[in-house]
Every structure is written in structure tokens, then in C-alpha cells.
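K.L.:
just to be clear, the model below is a prediction. Sequence and coordinates:
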Amino acid sequence: MSDDATGSTTDRPHGRPETPEQRSDRNWSELLQELRVMQTGVQILTGFLLTLPFQQRFADLDTYQITLYLVLVVLSVATTGMLVSPVALHRALFRRHLKKEIVTGGDRMTRVAIVLMAFVMTGAVMLVFDVVVGRTAGLVVGGSILGVLLVLWVVVPVVVHRRS
């Protein structure tokens, strides 16, 4: 007996003997640890993006670069908001005996945040390479980063899951 982030039970032999409540508590703790790791990176990236307009060279950006920058600010703030959402959900539903629902909702919000984070990271690299090296380099490196993140965050987990 085992479970996924939503607390559903599967028939894998390596499971734990735990009640549904214990499983939800464990899943919530694991989700919070994952959120802590993600939130630090997103906060640093958001802080970096928010300081850019105050740099001397910001006035030299072309329309494409300014548009990309503004999209990145919105995505970065949305990612931060999505990462905080599971905690807000927990606060709103605290002591209402809905832990499984909180864990399921938090899992879904975290998955959306991971997608948003991939776009923010990709876009930030695109912007930096565009400014420093040129548009073609920005697009190539940005596409490459997105491909690497897709492999690491989607393909590898699917392969590991299929092999287990």
C-alpha cells in the first residue's frame, strides 16, 4: 500500500502502514518541504527581475526585451502567488477536517507553479542572453533551457514511475 501526493492509495508493495489521516499529514509535510525549496528560487528570481528597471542599461532595451521583461515579472509574481496558495488554502480550511482536500489542492497548485517556474526561468535566461549576446542566442538558449527543464521535470519522473 502506497500513495501519491493526493493521498490516494495504490497497491505497491513498498507502502507504509498508516491511516488516511497519517498519510495526509505526511503528504502535507512533504509538500511544504517542496514548496520551501521552490519558493526560495522564485523569490530570488523575482527580486532580480524587480531590480532591473533601476539599472542604467534598462533604458537601452528594445520593445521585444521590455515586453519579455514585463511578461516575466507577471509570470514570476504569479508563480510566487501560486506557491503561497497551498498555505492560504490550508489557512482557509484549517480545523475543518479537510486535510485530504487541502493536500490535493496544494498538489495541484504546486504543479501549476512548477510549469510557471519553468517559463520564468526560461524567459529570464532568454532575456539575459538577448541583451548580452543577441536575439538568436536568447532564443536558442531559452529553447534549450526549456527542453532541459522538460526532460528533468517531466520525462525523468515519467521514466522513473514506469520503471518502478
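P.N.:
Yep, it's here.

K.L.:
show me which residues of the longest helix along the chain are buried.
P.N.:
Using DSSP state H, we find that the single longest helix of the chain is helix 99-132. By neighbour count on 16 or more other CB atoms under 10 Å, the buried set for helix 99-132 is 99-100, 102-110, 113-114, 116-127, 129-131. In this view, the C-beta of every residue, glycine as well, is placed from N, C-alpha and C.

K.L.:
ok, which stretches of this structure are helices?
P.N.:
All helices of the chain, identified by DSSP H, fall at 20-51, 63-93, 99-132, 135-150, 156-163.

K.L.:
avg pLDDT for the second one?
P.N.:
This points to helix 63-93. Mean pLDDT, helix 63-93: 94.

K.L.:
against L75, how distant is F129?
P.N.:
Distance from F129 to L75, counting by CB to CB, to the nearest Å: 17 Å.

K.L.:
re the thing from before, which helices and strands sit right next to the longest helix of the chain?
P.N.:
For helix 99-132, the packing partners by 3 or more CB pairs under 8 Å, 6 or more residues apart in numbering; DSSP states H and E come out as helix 20-51, helix 63-93, helix 135-150.

K.L.:
so where's this structure shaky on pLDDT?
P.N.:
Applying pLDDT under 70 to the chain flags residues 1-14.

K.L.:
how about a cut-off of 90?
P.N.:
For the chain, the stretches flagged by pLDDT under 90 are 1-29, 31-41, 43, 48, 93-97, 99-100, 164.

K.L.:
center of it - which residue?
P.N.:
Nearest to the mean C-alpha position of the chain, by CA atoms, centre = their mean, lies I114 at 2.4 Å.

K.L.:
what residues does it make contact with?
P.N.:
38, 153 (CB atoms under 8 Å, 6 or more residues apart in numbering).

K.L.:
cool, A78 as well?
P.N.:
L116.

K.L.:
go with 10 Å
P.N.:
Going by CB atoms under 10 Å, 6 or more residues apart in numbering, A78 touches 112-113, 116, 119-120.

K.L.:
using JSON lines, lay out the residues you listed together with distance to L68.
P.N.:
Output for these, formatted as JSON lines (distance: CB to CB, whole Å):
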{"residue": "V112", "distance to L68": "21"}
{"residue": "A113", "distance to L68": "21"}
{"residue": "L116", "distance to L68": "15"}
{"residue": "F119", "distance to L68": "11"}
{"residue": "V120", "distance to L68": "11"}
